[in-house]
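K.L.:
this is a predicted model, with the sequence first.
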Amino acid sequence: MIKFTKKRKIVLLSASLLVLILILLTSFLLSNKGQIVTIPKVITIWSEQEQGCTIIPKPVDYKSNPGNFTLSNSSSIYVSGNNSTQTEEIDKIGQYLADILNPSTGYNLSVVKSSRPKVGSIYLTTKNGSADLGNEGYLLDITSEGVTLRAYTTEGLFRGIQSIRQMLPADIEKDTVIAGVTWTMPCSSIIDYPTYPWRGMMLDVARHFLDVEDVKRTIDLVAQYKMNKFHLHLTDDQGWRIEIKSWPDLTKIGGSTEVDGGDGGFYTQEEYIDIVNYAKDRYITIIPEIDMPGHVNAALASYGELNPDGLQKKPYTGTGVGISTLMCRSETTYTFINDVISELAAITPGEYIHVGGDEASQTSAVDYKYFVGRVNEIVATYGKKSIGWNPYDNSDGTLSDDLLQDWRGKSKSAQSKGMKIIMSPPDKAYIDMQYDADTPIGHNWAGFTTTDEAYQWDPTDYAPEASIIGVECALWTEKLETMEDVEYLAFPRLLGHAEVGWTPKDLRNWDGYKVRLQSHGPRMENQGINFYKDPVVPW
């Protein structure tokens, strides 16, 4: 017992020294007017209960200071960049923040282009931002006189305003004026940056179609928890959801169905571009997926020439998998894929296109490997890189700059090739799984996944840290029909996945997280999110 006590004192003293060092560095940077200060990436173990932090994902370093900042109707949002172009971009971020703050406060907060913020205001700037914070890191300093958010890039500022948003009372999320609320933020100093560069959500719009407004709402919900990738599963056996102008029947026929025989639907290319731009304004990259060589019955039902007998398949509205395949040795197949990828690449500014590759049980192993190589060549022709689900990495045609989305815990081939891996283990990251046996919708083939189980995992449980680019939670929609269904299964588990991708492993613990998650209940209610009040959280 004596030895334990001494060791504990040493650990506490070391942690206190680290906190003091980071506070001094932060204060020095924020007060520095003439040069950029290097920020060391030091992980400080701190208690969110002691500090009063409710931010999700949990920041790398948070120091509570005495007092509060109060937002008032005389406050403004000041913005300043290193050049006029950057200032214009920050101005958009400032307006985004004002659009969040104005409805509930009743204020008409203006955005001012100036590096001289008045007392009582919010200041967003990239001036003297530290490159060591990376593109998404930020420094947030809140005093009784004002709020200063500093980042190396505008992307970092956008991530940082999500923390500002969360530090205000939960009523800030309401869309009507709320009287009698003092809009205060606790004085504090934050140093924050993500652990992984890829933190995403996949939404399956092929099994059940969701319209543009539903997709945009999901993007907004993802953005506020600092996620940066949004993966759209656009095609499958049950539906083809993206317009390909050179093959119009893909949407005319393939887009007309969905699971259980609904009306289906699809996005025109103009609507898809609108979604891409909407996400871009929130610093989120759209990752489109065309699943192949399996999961292609919607295409086979649209065009007979894609089938060996030259006849169109019947539309499929069931939920089985492994029922279809493209002809992997037919040049017609590759003409088709070339046309699809060329049109999709032209309207997708992101560097990746997801080519599926999972559950192709109707395709021989030899044909599968050949197919992946041919498809990757086509994707590269249009200046893009490929992503695929297991066993995509087993093909000789996969390269080191392609990505594996690992849903099987099998990535040895990817690791040996130097490929980076997106971790999506189904028992943790498939948020279409039921919470428990009483959950009215969802799957359970990977088991039940409660909110604490969805949070208590780490990508390094499945692959070496050096091979991992990030995490992605996936929401398949065989059993989901509405936006309310999507929200019920995604929330609150999505918040935990955001933290797994952002916050260092050593800073994450369920006991602290569930307290912060509890405080987000009213926020989700105020946004009208149909979230599940999992009993493992003390709502």
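P.N.:
Looks like it came in fine. Numbers count the residues shown, from 1 in each chain.

K.L.:
please make it C-alpha for all contacts and neighbour counts, starting now.
P.N.:
Fine.

K.L.:
where along the stretch 151-300 of the chain do the helices fall?
P.N.:
154-167, 212-223, 249-252, 269-280, 297-302 (DSSP state H, counting those that start in this stretch).

K.L.:
report the buried residues of stretch 482-500.
P.N.:
483, 485-500 (16 or more other Cα atoms under 10 Å).

K.L.:
which ones among these are found in helices?
P.N.:
483, 485-490, 493-500 (DSSP state H).

K.L.:
between those, which sits nearest K58?
P.N.:
K58 lies nearest to E499 out of these, by Cα to Cα, at 6.6 Å.

K.L.:
pLDDT at the closest one, what is it?
P.N.:
The model reports E499 with a pLDDT of 98.

K.L.:
was I right to think it contacts P59?
P.N.:
No - using Cα atoms under 8 Å, E499 is not in contact with P59; the gap is 9.2 Å.

K.L.:
the residue nearest to Q166 when sequence neighbours are not counted: neighbouring residues, count only.
P.N.:
Nearest non-adjacent residue to Q166, counting by Cα to Cα, 6 or more residues apart in numbering: I55, 6.0 Å away. For I55, the neighbour count with other Cα atoms under 10 Å is 22.

K.L.:
so I55: helix, strand or coil?
P.N.:
Assigned with DSSP: H, G, I helix; E, B strand; the rest coil, I55 falls in the coil class.

K.L.:
let me see the contact set for it.
P.N.:
By Cα atoms under 8 Å, 6 or more residues apart in numbering, the contact set of I55 is S163, Q166, M167, R516.

K.L.:
state the distance from it to P169.
P.N.:
Distance from I55 to P169, counting by Cα to Cα, to the nearest Å: 12 Å.

K.L.:
then K385?
P.N.:
43 Å.

K.L.:
comparing those two, which residue is more hemmed in?
P.N.:
K385 (21 against 16).

K.L.:
give me the spatial nearest neighbour of that one, chain neighbours excluded.
P.N.:
The nearest residue in space to K385 (Cα to Cα, 6+ apart) is Y352, at 4.8 Å.

K.L.:
the one you found: neighbour count?
P.N.:
Quick note: Y352 (other Cα under 10 Å) scores 22 neighbours.

K.L.:
got it, and the one 3 residues further on?
P.N.:
A count of neighbours around V355, defined by other Cα under 10 Å, yields 24.

K.L.:
wait, is it part of a helix?
P.N.:
No - going by three-state DSSP, the assignment for V355 is strand, not a helix.

K.L.:
quick one: it and I287 touch, right?
P.N.:
No - applying Cα under 8 Å as the test, V355 and I287 come out as separate, 10.3 Å apart.

K.L.:
tell me the spacing between T363 and Y334.
P.N.:
To Y334, T363 is 15 Å away according to Cα to Cα.

K.L.:
low-confidence regions, the stretch 51-200 of the chain specifically.
P.N.:
Residue ranges of the stretch 51-200 of the chain with pLDDT under 70: none are present.

K.L.:
just the chain next, same as before
P.N.:
Using pLDDT under 70, the flagged stretches of the chain are 1-44, 46, 49-50.

K.L.:
give me the neighbour count for P426.
P.N.:
Around P426 there are 21 residues (other Cα under 10 Å).

K.L.:
can you check the one 10 residues further on too?
P.N.:
Counted by other Cα under 10 Å, the residues lying close to D436 total 14.

K.L.:
run the chain-centre distance for the helix or strand hosting E88.
P.N.:
Using DSSP states H and E, the element containing E88 is helix 84-105. Centroid separation between helix 84-105 and its chain, computed with Cα atoms, centre = their mean, to the nearest Å, is 21 Å.

K.L.:
relative to I164, how far out is the residue nearest to Q166?
P.N.:
Taking Cα to Cα, one finds I55 at 9 Å from I164.

K.L.:
list residues touching both of those two?
P.N.:
By Cα under 8 Å, 6+ apart, no residue touches both I55 and I164.

K.L.:
G521 contacts V537, doesn't it?
P.N.:
No - G521 lies out of contact with V537 (Cα under 8 Å); the separation is 9.8 Å.

K.L.:
residues near Y513, how many?
P.N.:
22.

K.L.:
over to Y123?
P.N.:
26.

K.L.:
now the helices for the stretch 401-539 of the chain?
P.N.:
Under the criterion DSSP H, counting those that start in this stretch, helices of the stretch 401-539 of the chain are mapped to 412-417, 426-429, 451-455, 483-490, 493-502, 510-526.

K.L.:
okay if I get those helices as JSON lines plus distance to T235?
P.N.:
Below are those laid out as JSON lines (distance: least, Cα to Cα, whole Å):
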{"stretch": "helix 412-417", "distance to T235": "25"}
{"stretch": "helix 426-429", "distance to T235": "20"}
{"stretch": "helix 451-455", "distance to T235": "27"}
{"stretch": "helix 483-490", "distance to T235": "18"}
{"stretch": "helix 493-502", "distance to T235": "23"}
{"stretch": "helix 510-526", "distance to T235": "31"}
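
K.L.:
measure stretch 467-484 end to end?
P.N.:
Per Cα to Cα, the first residue of stretch 467-484 is 36 Å away from its last.

K.L.:
what does stretch 394-405 give?
P.N.:
Counting by Cα to Cα, you get 12 Å between the two ends of stretch 394-405.

K.L.:
can you tell me what sits against that stretch?
P.N.:
With Cα under 8 Å, 6+ apart as the test, stretch 394-405 has contacts from 368-370, 372-374, 376, 385-390, 392-393, 411, 413-414, 417-424.

K.L.:
contact partners for L109?
P.N.:
With Cα under 8 Å, 6+ apart, L109 has these contacts: N73, S74, S75, S76, I77, A98, L101, N102.

K.L.:
repeat the analysis, applying 10 Å as the threshold.
P.N.:
Residues near L109 by Cα atoms under 10 Å, 6 or more residues apart in numbering: 71-77, 94-95, 97-99, 101-102, 121.

K.L.:
wait, I421 touches R408, no?
P.N.:
No - assessed by Cα atoms under 10 Å, I421 is found out of contact with R408, at 11.8 Å.

K.L.:
more neighbours: which of those two?
P.N.:
Between I421 and R408, counting by other Cα under 10 Å, I421 is the more crowded of the two (27 against 14).

K.L.:
ok so, going back, between G521 and V537, what contacts are shared?
P.N.:
With Cα under 10 Å, 6+ apart as the test, G521 and V537 both reach P492.

K.L.:
if we can go back for a sec, which among the contacts of L109 end up buried?
P.N.:
Among the contacts of L109, the ones that count as buried by 16+ other Cα under 10 Å are L71, S72, S75, S76, I77, G94, Q95, L97, A98, L101, N102, S121.

K.L.:
enumerate the beta-bridge partners assigned to the fifth one.
P.N.:
When bridges are taken as DSSP bridges, the partners of I77 come out as V111, I122.

K.L.:
ok, now which ones touch it?
P.N.:
91, 93-95, 97-98, 109-114, 117-118, 120-124, 147.

K.L.:
same question, the fourth one
P.N.:
Remark: with contacts taken as Cα under 10 Å, 6+ apart, S76 is in contact with 94, 98, 107-112, 117-123.

K.L.:
the helix or strand containing L124 versus helix 154-167: what angle between them?
P.N.:
Applying DSSP H and E as the criterion places L124 in strand 121-125. Strand 121-125 runs at 150 degrees relative to helix 154-167, counting by axes from the mean of the first three to the mean of the last three Cα atoms, to 10 degrees.

K.L.:
on that earlier part again, wait, the residue nearest to K385 sits on F230?
P.N.:
No - at 11.6 Å, Y352 does not count as touching F230 under the criterion of Cα under 10 Å.

K.L.:
where do the contact lists of the two overlap?
P.N.:
With contacts taken as Cα under 10 Å, 6+ apart, Y352 and F230 have T285, I286, I287, P288 as neighbours in common.

K.L.:
mind checking how far I290 is from T70?
P.N.:
To T70, I290 is 49 Å away according to Cα to Cα.

K.L.:
more neighbours, these two?
P.N.:
Neighbours per residue, other Cα under 10 Å: of I290 and T70, the larger number sits with I290, 25 against 20.
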